[in-house]
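*Asks:* what would the 3D arrangement of this be:
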Amino acid sequence: MDIKILAIIPARSGSKGIINKNIKLLNNKPLLLWTVDAVKKAKLEKCLIILSTDSDKYAEIGSKAGLQVPFLRPVECAGDNVSAVQVAEHALQWFKNEYAYYPEQLMWLQPTSPFRSSSIIRQAIDMLDSQEVDSVITCKEIYRNLSTLFTCNDGYLQSLSNSDHGVHTNRQEIKPLLTPNGAMYLCETAVFLEKKTFYGKQVTPLIMNSINSLDIDTETDWAMAEAFIQAGLIDMEGVHG
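*Replies:* Predicted structure coming up:
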């Protein structure tokens, strides 16, 4: 059976903010396994899920969880400054060498977004298959008007809107801005290879709420994740089952 989707879970070792963040226990389970469980529970057809890591220890954890770990990243794909695009290109080249073709779609699932549910993963696939788009990016809403966002020039605030109409803060009157939350990038492989980005020519957002959008980068983020779980704000069946 041909593989339609290559799903990459990137888990580099050497995190500076939280040591060994990707395998640190969150609710008694290594962080990266939250993503593993969610994508496996999504039961995607014709999908190959691989772990891209530079660590033997991470590879062992991934293998025990049922992931394929077909390689360890080379040095040029393992440093602090290596981009997601470089890591994805490396995985795609491995796939091409192994199967003699490219998968139709490419999915990128960062372990630092543990509360991304299996239903969100399935929804993204449905959107890419049914709509006239070539990329689906998970996003969260920011209820801010550009007049309330500033740069600081010479010690003074300057509104990004360059508006003379004052600062507008009434949430009911503001059309929310959207920002990618890092939980998932899904795109047509041909577009990714052409543009060297997950953002295709026609990108549609898949909006997640602020809690499920949590991206763990710092100790504060980690504390928030634990607090969300303890407060019963996470659908454990959706992301932890």
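*Asks:* okay, now Trp108: neighbour count?
*Replies:* 24 (other CB atoms under 10 Å). Heads up, the C-betas are built off the backbone N, CA and C, glycines and all.
*Asks:* start at 38, not 1
*Replies:* OK, 38 is where the count begins now, so the last one is Trp145.
*Asks:* can you give me the strands in the protein?
*Replies:* Ranges of strands in the chain, per DSSP state E, are 42-48, 62-63, 66-67, 84-90, 142-145, 172-179, 187-190, 193-196, 214-225, 240-244.
*Asks:* redo the ones you listed as TSV? Include mean pLDDT and distance to Lys232.
*Replies:* Output for these, formatted as TSV (pLDDT from 0 to 100; distance: least, CB to CB, whole Å):
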stretch	mean pLDDT	distance to Lys232
strand 42-48	97	17
strand 62-63	97	34
strand 66-67	96	33
strand 84-90	97	20
strand 142-145	98	12
strand 172-179	96	9
strand 187-190	90	28
strand 193-196	86	32
strand 214-225	97	9
strand 240-244	98	11
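*Asks:* same list (these) but as CSV, adding distance to Ala268.
*Replies:* What follows is those, written out as CSV (distance: least, CB to CB, whole Å):
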stretch, distance to Ala268
strand 42-48, 27
strand 62-63, 14
strand 66-67, 18
strand 84-90, 30
strand 142-145, 29
strand 172-179, 19
strand 187-190, 32
strand 193-196, 35
strand 214-225, 20
strand 240-244, 22
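*Asks:* nearest to Phe152, of those?
*Replies:* strand 214-225 (8.0 Å; CB to CB).
*Asks:* thought Ala96 was touching Ser89?
*Replies:* No: look at Ala96 against Ser89 with CB atoms under 8 Å: they stay out of range, at 9.8 Å.
*Asks:* got a list of what the most centrally placed residue in the chain touches?
*Replies:* The residue lying closest to the centre of the chain (CA atoms, centre = their mean) is Ala220, at 2.9 Å. The neighbours of Ala220, taking CB atoms under 8 Å, 6 or more residues apart in numbering as the test, are Leu146, Gln147, Ser150, Arg153, Ile157, Thr175, Met245, Asn249, Ser250, Asp252.
*Asks:* thank you, goodbye.
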